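Student: Here's my sequence, what's the structure:
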Amino acid sequence: MTVKAKVFARIEADQTSGDASWTPMQAKALSLAHGAGVGQCDLVYAREHEIASAGTLSLDLAGALEDGLGGTVVFAELVALQIINQAEDGTANTTVITVGGGSNPFDGFWGTAGDQIVLNPGDGFLIFGSGAAGIGAVAAGTGDILQIANASGAAAKVQVTILGRSA
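Tutor: Below is the predicted model:
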């Protein structure tokens with residue numbers, strides 16, 4: 001299996017005041033070749049999950065996930081992580097989700113193990129890094145769980161995409 005991936009992030013805005021206008025734009029494109037080294041990835045996990053009201057989704061990054069072809073995905077390092085608090089078909093959620101924390105958490109890019117980010121309905125989160133350690137190493141058994149917790153009130157569908165390396 002060969003994996004090639006592209007990650008894009010772009011924010012563009014228009015601002016006007018009287019006769020003056022300004023269009024700030026920041027963009028970053030990251031192309032990843034197949035492999036397990038710098039600037040590469042060889043594993044992909046992309047799935048929509050439904051989390052029950054007040055429920056928790058615990059993704060085991062070191063062996064309990066399946067890729068789109070049915071193979072087991074065992075991440076050694078993550079290169080990109082995207083989480084969207086909305087169904088793939090655009091249906092809105094009504095609850096907040098919290099990403100991070102839990103038992104044996106993946107803490108890679110977080111400042112401290114157990115740190116979390118809160119995503120309101122429709123919000124998304126994207127982080128990527130193609131360097132030697134990507135956005136963080138996965139430590140099987142002690143630092144390999146990506147937890148997503150749903151608030152109470154309704155079930156939530158979330159989109160999760162992870163790019164990573166096997167070594």
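Student: Low-confidence bits of this structure, can you list those?
Tutor: Across the chain, the ranges flagged by pLDDT under 70 are 1.
Student: do that again at 80, thanks
Tutor: 1-2, 4, 18 (pLDDT under 80).
Student: most distant residue from the middle of it?
Tutor: In the chain, the greatest distance from the average C-alpha position (Cα atoms, centre = their mean) is reached by Asp19, at 41.1 Å.
Student: How about the contacts made by that one?
Tutor: If a contact means Cβ atoms under 8 Å, 6 or more residues apart in numbering, then Asp19 has no contacts. (Glycine included, C-beta is placed from N, CA and C.)
Student: What separation is there between it and Glu12?
Tutor: Here Asp19 is placed at a distance of 21 Å from Glu12 (Cβ to Cβ, to the nearest Å).
Student: so how far does stretch 140-159 reach from one end to the other?
Tutor: 23 Å (Cα to Cα, to the nearest Å).
Student: Angles on the backbone of Arg165, please.
Tutor: Main-chain dihedrals, Arg165, degrees, to the nearest 10: phi -120, psi 150.
Student: That one: what's it in contact with?
Tutor: Contacts of Arg165 (Cβ under 8 Å, 6+ apart): 35-37, 40-43, 75-77, 79, 134.
Student: hey, what's it bridged with?
Tutor: Beta-bridge partners for Arg165, by DSSP bridges, are Glu77.
Student: out of the contacts of Arg165, who's nearest Ala52?
Tutor: For those, the residue nearest Ala52 by Cβ to Cβ is Phe75; the value is 25.5 Å.
Student: Can you give me every residue that contacts the closest residue to the closest one other than its chain neighbours?
Tutor: Of all residues beyond its chain neighbours, the one nearest Phe75 is Gly164 (4.1 Å), with distances taken as Cβ to Cβ, 6 or more residues apart in numbering. For Gly164, the contact set (Cβ under 8 Å, 6+ apart) comprises 41-43, 45, 61, 73, 75-80, 134, 138.
Student: One more: Gln116?
Tutor: 98-101.
Student: Counting neighbours, what do you get for the closest residue to it other than its chain neighbours?
Tutor: Closest residue to Gln116 apart from its sequence neighbours, by Cβ to Cβ, 6+ apart: Gly100 at 3.8 Å. Counted by other Cβ atoms under 10 Å, the residues lying close to Gly100 total 19.
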